[in-house]
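Trainee: Here is my input, please return the structure:
(2 chains)
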Amino acid sequence: MTVEEIRELINLAAETGIAELEVQRGDNRVRIRRAAFATQQEFVLAPQSYPAPMAAPSPAPVTPSASPSHEPPKEKPSDPTQVLVKSPIVGTFYEGPAPGAPPFVQVGSRVQPGQVLCIIESMKLMNEIESETAGIVEAKLVMNGQPVEYGEALFAVRTV
Amino acid sequence: MTPLDLEHIRAEFPERPIDYYPSLDSTMHAAPGRPPGSVVVAGEQTAGQGRHGHSWHSEAGAGLYCSLVLEPAPVLTLALGLATQSAILDSTGITCDLRWPNDVMLGGKKLAGILVQLVDGRAIAGIGINLNQTEFGEELAGLATSLRMSTGQEACPTRILIALLRAVDNFITEDRDSILRLFAHGSSYAVGRRVTVDQPGGAITGTTAGLDPSGFLIVRKDDGTDTLILAGGVRAAGS
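Mentor: Numbers count the residues shown, from 1 in each chain, chains lettered A, B, ... in the order given. Next up, the predicted model:
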């Protein structure tokens, strides 16, 4: 990931007003946390690590490069009108019902409680993630087909 | 094909709501909302579902197409693959392979497929087993097989469904470690198998190196690095 790409992500975070943005491209992952929500801006650029297992902790990493975490990422208190939709399981994020199909929602979409936002697949178990609130999708925080960790933020929804 | 003997099946599982429909779009649409233990069986599916937008070939009267309502559990999808493999062995004497996470394979071709959807806190498990198809269309010919095509003998759907429901009840009560051990024992894909896996950045090829403690498949690429496979899309390399 280039400095220019990181700069664009910082601008995106500032423009959308979201508290935290994490993007993974290939082996690189960058997390941007806005100063208003943290003691300092934090940039993390790390090699890709294995996602955490579902809920129960595992006894040990399987490989030297594995670094599972067992708790959902801690989120700083943020704008109370903004809801982060998080993944309940480790899996693969799908923005639509099938490859090539239109995504369930896009940035700017108005959503209702119970509306499907995405699918997380884990070992052929398909879990439709629904919005718990009425609002507008302010940010999609992961890419289609990307692996996600337990507790990882998927969408930022501004409640209305 | 031998018709499904519902009276016999219901007598074997008196506590279980078992409903049969000659034709459904998908048993996955009919099962949600029913109590745990319920079984929905269709004679044919006009829109059988596969993984993430794929379809499931559901020729009338040729296969077993059913959905079970279950409580969610860790490694449930692995347990269901093992149960289906066990049911086929118990009812026909045929030993199948398992392709991670739960494709049931016979002679390198897919004999049965399993899809699980979480709906309102329940796990809806769709299981399709190819029984008495005598051929598949051009698109599936190299990928799919049926019991009849492999053995030359007609398969009895009643016997296989009874074995399947018994096996599911047995395997879903096993704990995670037992399921992982059973999978390692029952699948040639668990360790040392050359595979290609579709990933977001493109397909990767490597050798399987076991399951991690959560049941995800470890694929070791030729450069020595490991990738954890979270979803499906695993196939034998070169196929």
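
Trainee: From the structure, what's the count of residues near residue B:29?
Mentor: 15 (other CB atoms under 10 Å in any protein chain shown). All C-beta atoms are positioned from the backbone trio N, CA, C, and that covers glycine.

Trainee: now swap in residue B:93 and tell me
Mentor: By other CB under 10 Å, 8 other residues sit near residue B:93.

Trainee: Show me where the chain has its helices.
Mentor: Let's take chain A. Using DSSP state H, the helices of chain A run over A:3-16.

Trainee: nope, chain B
Mentor: Defined through DSSP H, the helices belonging to chain B, from first to last, are B:6-12, B:27-30, B:76-92, B:147-151, B:157-171, B:176-186.

Trainee: wait, which of those is closest to residue A:114?
Mentor: Ranking those by distance to residue A:114, with CB to CB as the measure, places helix B:27-30 first at 17.4 Å.

Trainee: picking up where we left off before, so which of the helices of chain B is the most packed in?
Mentor: Relative to the other members of these, helix B:76-92 carries the highest mean neighbour count by mean count of other CB atoms under 10 Å in any protein chain shown, namely a mean of 25.

Trainee: got the angle between that helix and helix B:157-171?
Mentor: Our comparison of helix B:76-92 with helix B:157-171, counting by axes from the mean of the first three to the mean of the last three CA atoms, to 10 degrees, yields an angle of 140 degrees.

Trainee: Which one, of the helices of chain B, ends up nearest to chain A?
Mentor: The closest of the helices of chain B to chain A is helix B:76-92. By CB to the nearest CB, the value is 4.6 Å.

Trainee: Does anything pack onto the closest one? Which helices or strands?
Mentor: Helices and strands touching helix B:76-92, as assessed by 3 or more CB pairs under 8 Å, 6 or more residues apart in numbering or on different chains; DSSP states H and E, comprise strand B:97-99, strand B:103-106, strand B:109-119, strand B:122-130, helix B:147-151, helix B:157-171, helix B:176-186.

Trainee: Next, format those as TSV and append distance to chain A and mean pLDDT.
Mentor: Listed next are those as TSV, based on distance: least, CB to the nearest CB, whole Å; pLDDT from 0 to 100:
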stretch	distance to chain A	mean pLDDT
strand B:97-99	11	97
strand B:103-106	9	96
strand B:109-119	4	94
strand B:122-130	7	96
helix B:147-151	22	92
helix B:157-171	15	97
helix B:176-186	8	97
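
Trainee: Need the ones you listed in CSV (columns: distance to residue A:159).
Mentor: What follows is those, written out as CSV (distance: least, CB to CB, whole Å):
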stretch, distance to residue A:159
strand B:97-99, 44
strand B:103-106, 42
strand B:109-119, 25
strand B:122-130, 28
helix B:147-151, 54
helix B:157-171, 41
helix B:176-186, 37
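
Trainee: Which parts of chain A are strands?
Mentor: Secondary structure of chain A (DSSP state E): strands at A:20-25, A:28-33, A:42-46, A:82-86, A:91-94, A:110-111, A:116-122, A:125-130, A:135-140, A:147-148, A:153-159.

Trainee: got a list of what residue A:127 touches?
Mentor: The contact partners of residue A:127, by CB atoms under 8 Å, 6 or more residues apart in numbering or on different chains, come to A:88, A:89, A:91, A:119, A:120, A:121, B:117, B:118.

Trainee: what about the residue of chain A found nearest chain B, neighbour count?
Mentor: Nearest residue of chain A to chain B (CB to the nearest CB) works out as residue A:98 at 2.2 Å. When counting by other CB under 10 Å, one arrives at 14 neighbours for residue A:98.

Trainee: mean pLDDT for the strands of chain A: which is lowest?
Mentor: Taking each of these in turn, the lowest mean pLDDT turns up on strand A:42-46, with a mean of 31.

Trainee: ok, what's across the strand from the closest residue to residue B:30 other than its chain neighbours?
Mentor: With CB to CB, 6 or more residues apart in numbering or on different chains as the measure, residue B:40 is the residue that lies nearest to residue B:30, at 4.7 Å, once sequence neighbours are left out. Counting by DSSP bridges, residue B:40 is bridged to residue B:19, residue B:67.

Trainee: quick one: residue B:40 and residue B:16 touch, right?
Mentor: No - with contact defined as CB atoms under 8 Å, residue B:40 does not reach residue B:16; the gap is 11.3 Å.

Trainee: higher neighbour count, these two?
Mentor: More neighbours surround residue B:40 than the other of residue B:40 and residue B:16, with 25 against 17 (other CB under 10 Å).

Trainee: Tell me the predicted confidence for that one.
Mentor: Residue B:40 is assigned a predicted lDDT (pLDDT) of 97.

Trainee: what's the answer for residue B:19, then?
Mentor: For residue B:19, the predicted pLDDT is 95.

Trainee: Distance check, it against residue B:71.
Mentor: Shown here: residue B:19 relative to residue B:71, a distance of 19 Å by CB to CB, to the nearest Å.
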